[in-house]
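# coordinates only, sequence not included:
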Ligand SMILES: Cc1cc2nc3c(=O)[nH]c(=O)nc-3n(C[C@H](O)[C@H](O)[C@H](O)COP(=O)(O)OP(=O)(O)OC[C@H]3O[C@@H](n4cnc5c(N)ncnc54)[C@H](O)[C@@H]3O)c2cc1C
Ligand code: FES
């Protein structure tokens, strides 16, 4: 059992601020391309366009690279993390091969850019090891070996891994994967974009994105309007789409923690097992004697569990069993990934628009998706050929994915029925300091939070995207929307898209 007393969610990368100088937008502006959302997808897109001479502006409602990108664990993996055999089953060998090529090209691109721009970001090429989970058979290993060969991915079969109890486990080794410090990399990219005239604005929420009849796009924020030739929406979950894309993907919350470990105690490589959800292990360099070992997994659909402590305990027990050299826990955090029904993101022209492009559906591989997507959207905007557009085409249909589609779309149906259920507490007076809960308020529901000083925050429990019923997340101290992945701070401020507006404040009378 962990003695880790720090209850804050804090990742290993957050000590680096990618653009501390980025100020809010305060006037109208014009540019060639406006990019909405400054995570790895948005910043990489800005870079691809800026190096080609486009005038770019990058707008974020929070910090630059401060959202899901700051919560990653930074495995740069070319092969599908939902298993290549599963992807071939849904989309066939040709698309699966080109998916692999595009993701491998993203790792190459990061390597090339950090060299070209002299960014010191701990980038390194490493082997990746997929290993048979304890007490399971080796069928997935056989299937993945077969699948990797079909798409032409380099792979080697082995027995044994340098972890306890793993001497006889079946293993696949995938060469030339990678890892890096994502915020050091993006800080370097921000500087490279600014050197080419790009402008970053943090603390600037985009309220609407409209395409005019003349093909220009107008982006509205509280500080001014931006008129551009094109817009790329890289808000992780798209703010320009109410249903079409959202029905083809689902939000999952995922957990990660770091331990200190003596340098050299385990080989520097990328490891993950065959369970669903899988466990993974990777290293981050520390000082002369100590590294960090990062472990993650324990995913669940967003909003469907509020038991982070139990999940961290399970992750810690798994780690101490396989890696007895892991020392004390140094960081714990969670975040969200968007799983699409056919395992690839949605990247390209937003359905129904000519000048608005979208990037979403990271499928747990948002680092490589972010960089591959940047190359694709930049090529489309610049009118160039790109051999991967159909792999990620946002309007694609995947008939074989219908099972996943039906499974994921049960969530909104079940969710709206929750409005009929009683509240978790009878009255706000029952709410203890530091807690959040749903409380019935006449015909509607309140998302109520009482801070440590006793101040009550009463907000509507209806998500401002399309109205789903929110759930409290006590580890992150926020409200999670199970339908399409919005998060709201305890005071109703939107934290994660697709929601744009804050939760409505609720006036309570004395009887409430
Ligand atoms: C624990 C964890 C481990 C992971 N591990 C890996 C891994 O090993 N490898 C991997 O490839 N991927 C991994 N991922 C996934 C990866 O981190 C994400 O998919 C990726 O960072 C998403 O980047 P993004 O640019 O799409 O989104 P974000 O980084 O979330 O950026 C979107 C930005 O849009 C902004 N925004 C939203 N709405 C608005 C608005 N209305 N106006 C203005 N701005 C707005 C947000 O503030 C945010 O900064 C992991 C994720 C988690 C949570
Ligand atoms: S995110 Fe769509 S309803 Fe909440």
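All right, it came through fine. Since we're looking at a predicted model, the values are computed, not measured. Numbers count the residues shown, from 1 in each chain. Ligands and ions are numbered 1, 2, ... in the order given.
# interface residues of the stretch 51-200 of the chain facing ligand 1?
Contact residues, the stretch 51-200 of the chain versus ligand 1 (Cβ under 6 Å from any ligand atom): 59-62, 66-69, 71-75. Quick note: C-beta positions are derived from backbone N, CA and C, even for glycine.
# would JSON lines of those with secondary structure and distance to residue 472 be doable?
Formatted as JSON lines, those follow (DSSP: H, G, I helix; E, B strand; the rest coil; distance: Cβ to Cβ, whole Å):
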{"residue": "59", "secondary structure": "strand", "distance to residue 472": "30"}
{"residue": "60", "secondary structure": "coil", "distance to residue 472": "26"}
{"residue": "61", "secondary structure": "coil", "distance to residue 472": "22"}
{"residue": "62", "secondary structure": "coil", "distance to residue 472": "21"}
{"residue": "66", "secondary structure": "coil", "distance to residue 472": "22"}
{"residue": "67", "secondary structure": "coil", "distance to residue 472": "20"}
{"residue": "68", "secondary structure": "helix", "distance to residue 472": "20"}
{"residue": "69", "secondary structure": "helix", "distance to residue 472": "25"}
{"residue": "71", "secondary structure": "helix", "distance to residue 472": "19"}
{"residue": "72", "secondary structure": "coil", "distance to residue 472": "25"}
{"residue": "73", "secondary structure": "coil", "distance to residue 472": "25"}
{"residue": "74", "secondary structure": "coil", "distance to residue 472": "29"}
{"residue": "75", "secondary structure": "strand", "distance to residue 472": "30"}
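# pLDDT of stretch 72-89, averaged?
The average pLDDT within stretch 72-89 is 95.
# please enumerate the helices of the chain.
Here the chain has its helices, by DSSP state H, at 40-50, 84-116, 139-150, 182-195, 308-322, 366-381, 389-392, 402-408, 410-417.
# of those helices, which stretch is the most buried?
Among the helices of the chain, helix 40-50 has the highest mean neighbour count (mean count of other Cβ atoms under 10 Å), at a mean of 29.
# check whether that one contacts ligand 1.
Yes. Counting by Cβ under 6 Å from any ligand atom, ligand 1 is contacted by helix 40-50 at 40, 41, 42.
# now do stretch 482-501
Yes. Interface with ligand 1: stretch 482-501 contributes 497, 500 (Cβ under 6 Å from any ligand atom).
# also stretch 220-234?
Yes. Contact of stretch 220-234 with ligand 1 (Cβ under 6 Å from any ligand atom) involves residue 234.
# I'd like to know how far the residue sitting nearest the centre point of the chain sits from residue 90.
Closest residue to the average C-alpha location of the chain: residue 337 at 4.2 Å, with Cα atoms, centre = their mean. For residue 337, the distance to residue 90 equals 18 Å [Cβ to Cβ, to the nearest Å].
# same check on residue 155?
Residue 155 is 20 Å from residue 90, by Cβ to Cβ.
# between the helices of the chain, which gets nearest to residue 252?
helix 402-408 (10.1 Å; Cβ to Cβ).
# next, see if the closest one gets close to ligand 2.
No. Helix 402-408 lies out of reach of ligand 2 by Cβ under 6 Å from any ligand atom, never closer than 12.7 Å.
# now do that helix, average pLDDT.
Across helix 402-408, pLDDT averages out at 79.
# likewise for stretch 144-162?
97.
# would you mark the buried spots in stretch 227-243?
For stretch 227-243, the neighbour count (16 or more other Cβ atoms under 10 Å) marks 228-241 as buried.
# any chance of the residues of helix 40-50 next to ligand 1 in JSON lines, plus pLDDT?
Formatted as JSON lines, the residues of helix 40-50 next to ligand 1 follow (pLDDT from 0 to 100):
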{"residue": "40", "pLDDT": "98"}
{"residue": "41", "pLDDT": "98"}
{"residue": "42", "pLDDT": "98"}
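# on that earlier part again, most widely separated two among the buried residues of stretch 227-243?
229 and 237 (24.6 Å).
# re the thing from before, now, which of the buried residues of stretch 227-243 lie within strands?
228, 229, 230, 231, 232, 233 (DSSP state E).
# which phi and psi does the closest residue in space to residue 42 that isn't next to it in sequence have?
Nearest non-adjacent residue to residue 42, counting by Cβ to Cβ, 6 or more residues apart in numbering: residue 234, 3.6 Å away. Torsion angles at residue 234 (phi, psi; degrees, to the nearest 10) stand at phi -120, psi 50.
# distance of residue 469 relative to ligand 1?
Counting by Cβ to the nearest ligand atom, to the nearest Å, the separation of residue 469 from ligand 1 is 21 Å.
# and if you look at residue 48?
14 Å.
# pLDDT score assigned to the closest residue in space to that residue that isn't next to it in sequence?
Once flanking residues are discounted, residue 48 sits nearest to residue 378: 3.6 Å by Cβ to Cβ, 6+ apart. For residue 378, the model assigns a pLDDT of 98.
# and if you look at residue 3?
Note on residue 3: pLDDT of 55.
# do the same with residue 292
The per-residue pLDDT reported for residue 292 equals 97.
# surely residue 211 is in contact with residue 357?
No. The criterion here is Cβ atoms under 8 Å, and residue 211 misses it with residue 357 at 11.1 Å.
# can you lay out the residues of helix 40-50 next to ligand 1 as JSON lines showing distance to residue 161?
Listed next are those as JSON lines, based on distance: Cβ to Cβ, whole Å:
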{"residue": "40", "distance to residue 161": "29"}
{"residue": "41", "distance to residue 161": "33"}
{"residue": "42", "distance to residue 161": "37"}
